[in-house]
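S.K.: Dropping a prediction and its sequence here:
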Amino acid sequence: MSNYHIKHLEEYYQVYRKSVRNPEVFWEEIAEEHFLWRKKWDKVLSWDFKKPKVKWFEGAELNITENCIDRHLYTRGDKTAIIFEPNNKEDEAEHITYKQLHERVCRFANVLLDKGIKKGDRVCIYLPMIPELAIATLACARIGAIHSVVFAGFSSTALATRINDSECKMVITSDGSYRGPKTIDLKGIVDEALEDCTTIESVLVAKRINSDVQMKADRDYWLQPLLDDAYSDCVPEIMKAEDPLFILYTSGSTGKPKGMVHTTAGYMVYTAYTFKNVFQYTENDVYWCTADIGWITGHSYIVYGPLCNGATTVMFEGVPSYPDFGRFWEIVEKHKVNQFYTAPTAIRALAKEGIDHLEKHNLSSIKVLGTVGEPINEEAWHWYDDNVGKKKAPIVDTWWQTETGGIMISPIAFATPTKPTYATLPFIGVQPALMDEKGTEIKGNQVDGRLCIKFPWPSMARTIWGNHQRYKETYFSAYDNMYFTGDGALRDEVGYYRITGRVDDVIIVSGHNLGTAPIEDAINEHPAVAESAIVGFPHDVKGNALYGYVTLKETGESRNHDNLRKEINQLITEQIGPIAKLNKIQFTNGLPKTRSGKIMRRILRKIACNETDQLGDTSTLLNPEVVQDIMDNVL
Ligand code: WTA
């Protein structure tokens with residue numbers, strides 16, 4: 001039996017028990033046998049959730065790109081590492097072998113060095129899903145620079161906030177991007193952002209759409225000529241196990257976005273190990289995750305996890321609806337995709353279009369299906385199972401978070417019997433707990449509570465960039481000696497977990513985490529707005545949509561409400577991005593508040609969800625009269 005590759009349920013239970021009884025012995029064996037180290041560790045694990053401080057493989061030295069690329073050169077040099085499928089289907093797909101990837105990453109790394117980027121410097125990457133995105137992240141890792149990828153759908157304000165928070169020295173972007181039939185002026189967005197940033201010394205610009213862009217002298221450089229001139233080999237920087245690999249921002253329920261810091265060795269070991277097992281990747285498979293590398297799913301399961309296993313990973317530049325809703329299936333057929341990993345919101349959008357598109361394509365290559373990002377509803381699960389997997393491909397419903405770095409609760413394909421809407425069992429080494437609101441662990445089965453993790457796992461985020469106190473308060477203060485996920489979950493009669501959703505003020509819209517506070521801040525900047533509150537309500541494609549309650553400064557305001565709604569959504573688009581736009585905006589005379597002045601979002605949520613029979617006692621509110629008024633005018 002190999003602990004690295006689990007194939008049966010009994011094996012899962014055996015390996016799981018080992019990993020929990022003696023985590024250090026277990027992870028040491030995995031790390032030792034399947035990765036390339038320049039120096040072995042002195043200590044496998046030290047931890048203290050009270051501080052919180054967690055270190056894995058302390059004393060070890062390595063470079064993650066040697067694990068993702070160099071070590072495959074002899075055995076798989078001519079194997080395709082990345083298949084790039086462009087936005088326009090008429091354009092040719094690109095197949096990048098491990099040898100070519102090595103050369104391209106090395107050249108890029110040399111360009112970074114040449115522009116003065118050193119180990120520990122932060123580099124912001126704001127690129128569409130083109131090969132340069134994966135290559136840029138690996139090039140940073142090659143020289144020990146910390147990448148901070150910002151999803152290219154974020155606005156200039158959101159980009160500036162992220163650049164400033166981690167004091168990036170460089171931005172890597174492109175002239176523009178394709179998004180279905182549209183083009184987006186990425187360089188223009190960067191220019192706007194940089195008006196508010198003082199730490200950026202240089203901007204590298206990839207050419208993608210051949211648009212006319214302004215290049216600022218001594219700051220902006222076209223990427224390609226620099227790559228052409230760069231040397232094609234680059235000695236990797238030797239990193240310590242706990243050196244930061246990247247920062248990735250995620251929304252919190254309050255305050256500015258949190259720059260989650262992931263470190264090198266533990267992240268590498270865990271993402272590689274989960275990738276191999278959850279998807280049951282075997283040597284000649286073609287694996288496709290439809291996420292954007294701007295999110296954690298792309299970091300861990302397009303780039304690092306797959307490449308560490310010498311896999312062939314697909315990168316798709318476009319959207320599922322362009323040129324029509326058959327695009328995903330066409331790509332599956334064209335590249336003979338074996339593992340297909342996407343989000344429930346995409347499944348629901350595709351299901352809405354019926355099965356005509358599916359029937360036009362041969363999907364027989366598919367062996368495993370995956371989902372991630374939000375709870376999958378039963379209907380979408382069955383549609384995926386029946387029509388895409390033809391009931392032969394197990395669905396791995398993978399629960400995890402930006403903060404966890406890798407998959408935490410999930411079936412192992414072919415080993416774990418699946419159950420619709422259930423993420424099923426904890427992955428190897430993961431020790432979940434369900435807690436009640438008083439802080440007591442709820443033992444046994446057929447229970448529900450707040451999902452926590454009791455023991456460290458290798459790929460957990462180590463801190464929030466520049467704010468360890470916030471890291472402690474957000475994740476380690478709600479429950480003693482435990483990591484709190486912010487999610488609720490239930491455990492069924494056999495110990496399977498089902499994630500029921502967020503228990504805080506984070507709302508997941510189309511698989512994107514959105515904090516209510518930054519959206520409310522954006523709305524409140526409108527001169528006519530006194531205050532606002534955002535809640536989520538169910539939406540058949542997006543999972544949740546946003547409902548905004550807005551009180552204007554002058555009640556009885558004579559301005560046209562439709563215009564105000566447009567202006568509010570425009571502000572949100574500018575401050576955050578179009579993903580945070582509100583579906584419904586109700587103007588109110590006031591918002592329900594507690595006696596201490598806190599907005600009661602729970603009540604507002606019930607009203608937006610049409611569950612007013614469950615409002616509970618509202619008489620203790622500061623202003624109970626507004627509740628009826630809001631109910632009378634609900635949209
Ligand atoms: C939610 C994405 C139910 C959850 C990898 C979590 C899920 C948040 C699932 C993290 C799933 C993710 N079932 N809910 N399979 N996967 N979530 O940071 O609420 O973008 O806390 O990481 O998404 O989202 P994030």
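M.R.: Thanks, I have it.
S.K.: Correct me if wrong, but residue 604 is in a strand.
M.R.: No: assessed with DSSP: H, G, I helix; E, B strand; the rest coil, residue 604 is helix; it does not lie in a strand.
S.K.: for it, what are its contacts?
M.R.: Contacts were defined as C-beta atoms under 8 Å, 6 or more residues apart in numbering; by that measure residue 604 touches 533, 535, 547, 549, 591-592, 630. Yep, even glycine has a C-beta here, placed from its N, CA and C like the rest.
S.K.: so which of those comes closest to residue 176?
M.R.: Each of the contacts of residue 604 was checked against residue 176 using C-beta to C-beta; the closest is residue 547, at 33.4 Å.
S.K.: So that closest one belongs to a helix, correct?
M.R.: No: with three-state DSSP as the criterion, residue 547 is assigned strand and is not in a helix.
S.K.: Isn't residue 153 up against residue 581?
M.R.: No: the pair residue 153 / residue 581 is not scored as a contact, 11.8 Å apart, by C-beta atoms under 8 Å.
S.K.: quick revisit: which of the contacts of residue 604 count as buried?
M.R.: Restricting the contacts of residue 604 to buried positions leaves 533, 535, 547, 549, 591-592, 630, with burial counted as 16 or more other C-beta atoms under 10 Å.
S.K.: Return the member of the residues you listed nearest to residue 404.
M.R.: Distances from the buried ones among the contacts of residue 604 to residue 404 were compared by C-beta to C-beta; the smallest belongs to residue 535, at 26.0 Å.
S.K.: so how many other residues sit close to the residue nearest to that closest one when sequence neighbours are not counted?
M.R.: In space, not counting the residues next to it along the chain, residue 535 is nearest to residue 605; the distance is 4.1 Å by C-beta to C-beta, 6 or more residues apart in numbering. A count of nearby residues for residue 605, using other C-beta atoms under 10 Å, gives 18.
S.K.: Near the ligand, which residues of the stretch 151-300 of the chain are found?
M.R.: By the rule C-beta under 6 Å from any ligand atom, the part of the stretch 151-300 of the chain lying against the ligand is 250, 295-297.
S.K.: In TSV, list those along with secondary structure, pLDDT and neighbour count.
M.R.: Shown next, in TSV, are these (DSSP: H, G, I helix; E, B strand; the rest coil; pLDDT from 0 to 100; neighbours: other C-beta atoms under 10 Å):
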residue	secondary structure	pLDDT	neighbour count
250	strand	93	18
295	coil	96	21
296	helix	97	26
297	helix	97	24
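S.K.: Out of the residues you listed, which comes closest to residue 463?
M.R.: Residue 463 has its nearest neighbour among those in residue 250, at 13.3 Å by C-beta to C-beta.
S.K.: How about the closest one: which residues does it bridge to?
M.R.: With DSSP bridges as the criterion, the beta-bridge partners of residue 250 are residue 258.
S.K.: Now do the contacts for it.
M.R.: Contacts here follow C-beta under 8 Å, 6+ apart; on that basis residue 250 touches 257-258, 260, 296, 401-403, 513.
S.K.: cool, residue 571 as well?
M.R.: Contacts for residue 571 were tallied using C-beta under 8 Å, 6+ apart; they are 522-523, 525-526.
S.K.: Please list only the buried members of those residues.
M.R.: Those of the contacts of residue 571 that meet the buried threshold are 522-523, 526, by 16+ other C-beta under 10 Å.
S.K.: I'd like to know which of these is nearest to residue 287.
M.R.: The closest of the buried ones among the contacts of residue 571, once distances to residue 287 are taken by C-beta to C-beta, is residue 522, at 37.6 Å.
S.K.: so how far is residue 539 from the closest one?
M.R.: According to C-beta to C-beta, to the nearest Å, residue 522 stands 20 Å off from residue 539.
S.K.: try residue 113
M.R.: 47 Å.
S.K.: So if I had to pick from those two, which one is more boxed in?
M.R.: It is residue 113, of residue 113 and residue 539, that has more neighbours when counted by other C-beta under 10 Å, with 18 against 15.
S.K.: tell me the contacts of the more buried one?
M.R.: Shown in contact with residue 113 (C-beta under 8 Å, 6+ apart): 143, 234.
S.K.: pLDDT averaged over the helix or strand hosting residue 572 - what is it?
M.R.: Secondary-structure element containing residue 572, defined by DSSP states H and E: helix 561-575. This predicted structure assigns helix 561-575 an average pLDDT of 94.
S.K.: Provide a list of residues in contact with residue 276.
M.R.: Counting by C-beta under 8 Å, 6+ apart, the residues that residue 276 touches are 4-5, 305, 309.
S.K.: Out of those residues, flag the one nearest to residue 460.
M.R.: Checking the contacts of residue 276 against residue 460 by C-beta to C-beta gives residue 305 as the nearest, at 15.6 Å.
S.K.: could you dump the contacts of residue 604 to a markdown table with pLDDT and secondary structure?
M.R.: Listed next are those as a markdown table, based on pLDDT from 0 to 100; DSSP: H, G, I helix; E, B strand; the rest coil:
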| residue | pLDDT | secondary structure |
| --- | --- | --- |
| 533 | 92 | strand |
| 535 | 94 | strand |
| 547 | 96 | strand |
| 549 | 96 | strand |
| 591 | 90 | coil |
| 592 | 90 | coil |
| 630 | 93 | helix |
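S.K.: Between all of those, which two are at the greatest distance?
M.R.: Pairwise distances among the contacts of residue 604 were taken by C-beta to C-beta; the largest, 14.2 Å, belongs to 547 and 592.
S.K.: returning to that earlier point: okay, and which of the contacts of residue 276 map to helices?
M.R.: Secondary structure of these is defined by DSSP state H; positions in helices are residue 305.
S.K.: Out of the contacts of residue 276, which is nearest to the ligand?
M.R.: Distance to the ligand, by C-beta to the nearest ligand atom, is smallest for residue 305 among those, at 12.4 Å.
S.K.: Let me see the contact set for that closest one.
M.R.: When contacts are counted by C-beta under 8 Å, 6+ apart, residue 305 touches 271-272, 274-276, 406.
S.K.: Which one (most neighbours) among those?
M.R.: Each of the contacts of residue 305 was scored by neighbours using other C-beta under 10 Å; the highest score is residue 406's, at 31 neighbours.
S.K.: Residue 271 is in contact with that one, correct?
M.R.: Yes: using C-beta under 8 Å, residue 406 and residue 271 qualify as a contacting pair, with a distance of 4.8 Å.
S.K.: Which residues are in contact with each of these two?
M.R.: With C-beta under 8 Å, 6+ apart, residue 406 and residue 271 have common neighbours 300, 305, 459.
S.K.: and the lengthiest helix in the chain, C-alpha only, in PDB?
M.R.: For the chain, the helix reaching the highest residue count under DSSP H is reported as helix 98-114. Backbone C-alpha positions of helix 98-114 (Å, rounded to 0.1, in the frame of the first residue of the first chain) are rendered in PDB as follows:
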ATOM      1  CA  TYR A  98       7.800  20.900 -19.400                       C
ATOM      2  CA  LYS A  99      11.000  21.800 -21.200                       C
ATOM      3  CA  GLN A 100       9.500  24.800 -22.800                       C
ATOM      4  CA  LEU A 101       7.900  25.800 -19.500                       C
ATOM      5  CA  HIS A 102      11.300  25.600 -17.900                       C
ATOM      6  CA  GLU A 103      12.800  27.900 -20.400                       C
ATOM      7  CA  ARG A 104       9.900  30.400 -20.300                       C
ATOM      8  CA  VAL A 105       9.900  30.500 -16.500                       C
ATOM      9  CA  CYS A 106      13.700  31.000 -16.400                       C
ATOM     10  CA  ARG A 107      13.600  33.800 -19.000                       C
ATOM     11  CA  PHE A 108      10.800  35.500 -17.100                       C
ATOM     12  CA  ALA A 109      12.700  35.100 -13.800                       C
ATOM     13  CA  ASN A 110      15.800  36.700 -15.300                       C
ATOM     14  CA  VAL A 111      13.700  39.600 -16.500                       C
ATOM     15  CA  LEU A 112      12.400  40.100 -12.900                       C
ATOM     16  CA  LEU A 113      16.000  40.000 -11.500                       C
ATOM     17  CA  ASP A 114      17.000  42.400 -14.200                       C
END
